[in-house]
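S.K.: have a look at this prediction, sequence included:
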Amino acid sequence: MTLTKKLGAEFIGTFWLVLGGCGSAVLAAGYPELGIGFVGVAFAFGLTVLTMAYAIGHISGCHLNPAVSLGLWSGGRFPANELVPYIIAQVLGGIAGAAILYLIASGKMGFDAAASGFASNGYGAHSPDGYSLVAALTTEIVLTFMFLIIILGATDKRAPVGFAPIAIGLGLTLIHLISIPVTNTSVNPARSTAVAIFQGDWAVSQLWLFWVAPIVGAILAGIVYKWFESEKA
């Protein structure tokens, strides 16, 4: 598969993740009486990854996330020379998804992306339930670490074939169920960047954490899982 096709798949997949996951939060979570709530948002994010894993996993590996690409690289599963192109494609795909979401959401009278938060990630005063910077940093590092352990384990050649998308999608759902109250759940710098651009205020100033923490957690997971794989012999 050519790099161009891989990047196209990553763009489309991350577009779907942001439109589906963040879209559920912006358009459907608090809808009067019929709102899906944060449990519904958690499942929406999991379903975007599950569906794209089956749709494009055989094309690009379905990373959809700079932290995932870096975690796979640190685990010896992904070449360094494709890291930057993958990350660029993921961020651009996420921004495209956020742009479509903004266009749709703006069709409702009174919508304000800055005031609503636009599904952005935050800590302190901008945490959904008021959690501190330290709590947010810990949450994002640990949960991204566990997300990469799930990904690396489910896609190991020794794992049952064909079930990886289910484990990964449900893993992301569980991560959201845990951490939506803390940070609104990132574990994905591309997802955080995409909506922060349209929120345009506090989300941009707090964006650093949602790059640093997921990357740290992912790289650590790659190193740890590489140790597990070294036991094969």
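M.R.: Arrived safely.

S.K.: now the strands for the protein?
M.R.: Using DSSP state E, the chain contains no strands.

S.K.: for the most centrally placed residue in it, what are its contacts?
M.R.: Within the chain, one residue has its C-alpha closest to the average C-alpha position: by C-alpha atoms, centre = their mean, that is residue 188, at 3.6 Å. When contacts are counted by C-beta atoms under 8 Å, 6 or more residues apart in numbering, residue 188 is found next to 17, 64-68, 210, 214. C-beta coordinates here come from the backbone N, C-alpha and C atoms, glycine included.

S.K.: same question for residue 217.
M.R.: By C-beta under 8 Å, 6+ apart, the residues touching residue 217 are 67, 71, 140-145, 147-148, 187.

S.K.: now do residue 145
M.R.: For residue 145, the contacting residues are 217-218, 220-221, 224, taking C-beta under 8 Å, 6+ apart as the criterion.

S.K.: from residue 25, how far off is it?
M.R.: From residue 145 over to residue 25 the distance is 24 Å, taken as C-beta to C-beta, to the nearest Å.

S.K.: kindly report the same for residue 117.
M.R.: Summarising the geometry, the distance separating residue 117 from residue 25, computed by C-beta to C-beta, is 9 Å.

S.K.: ditto for residue 91
M.R.: 19 Å.

S.K.: sorry, back to before: what's the spacing between the residue nearest to the centre of the chain and residue 106?
M.R.: Distance of residue 188 to residue 106, given as C-beta to C-beta: 24 Å.

S.K.: if we can go back for a sec, possible to save the contacts of residue 217 as CSV with distance to residue 197 and pLDDT?
M.R.: Formatted as CSV, the entries for the contacts of residue 217 read as follows, by distance: C-beta to C-beta, whole Å; pLDDT from 0 to 100:
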residue, distance to residue 197, pLDDT
67, 18, 98
71, 24, 98
140, 19, 98
141, 24, 98
142, 27, 98
143, 23, 98
144, 21, 98
145, 27, 98
147, 23, 98
148, 25, 98
187, 19, 98
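
S.K.: can you say which of these are buried?
M.R.: Among the contacts of residue 217, the ones that count as buried by 16 or more other C-beta atoms under 10 Å are 67, 71, 140-145, 147-148, 187.

S.K.: please flag which of these sit within helices.
M.R.: Taking DSSP state H, the ones among these that sit in helices are 67, 71, 140-145, 147-148.

S.K.: nearest to residue 167 among the residues you listed?
M.R.: Relative to residue 167, the closest of these is residue 147; by C-beta to C-beta it sits at 10.8 Å.

S.K.: how close does the closest one sit to residue 179?
M.R.: With the distance defined as C-beta to C-beta, residue 147 ends up 11 Å from residue 179.

S.K.: what do those two both touch?
M.R.: Listed contacts common to residue 147 and residue 179 are residue 187; contacts here mean C-beta under 8 Å, 6+ apart.

S.K.: near the residue lying closest to residue 50 once chain neighbours are set aside, how many other residues are there?
M.R.: The spatial neighbour of residue 50 that comes closest, neighbours along the chain excluded (C-beta to C-beta, 6 or more residues apart in numbering), is residue 169 at 2.9 Å. In terms of burial, residue 169 registers 22 neighbours under the definition other C-beta atoms under 10 Å.

S.K.: where's residue 169 relative to residue 90, distance?
M.R.: Going from residue 169 to residue 90 by C-beta to C-beta gives 17 Å.

S.K.: ok, now residue 144?
M.R.: Noted for residue 144: a distance of 15 Å to residue 90, by C-beta to C-beta.

S.K.: equivalent analysis for residue 105, please.
M.R.: Taking C-beta to C-beta as the measure, residue 105 falls 22 Å from residue 90.
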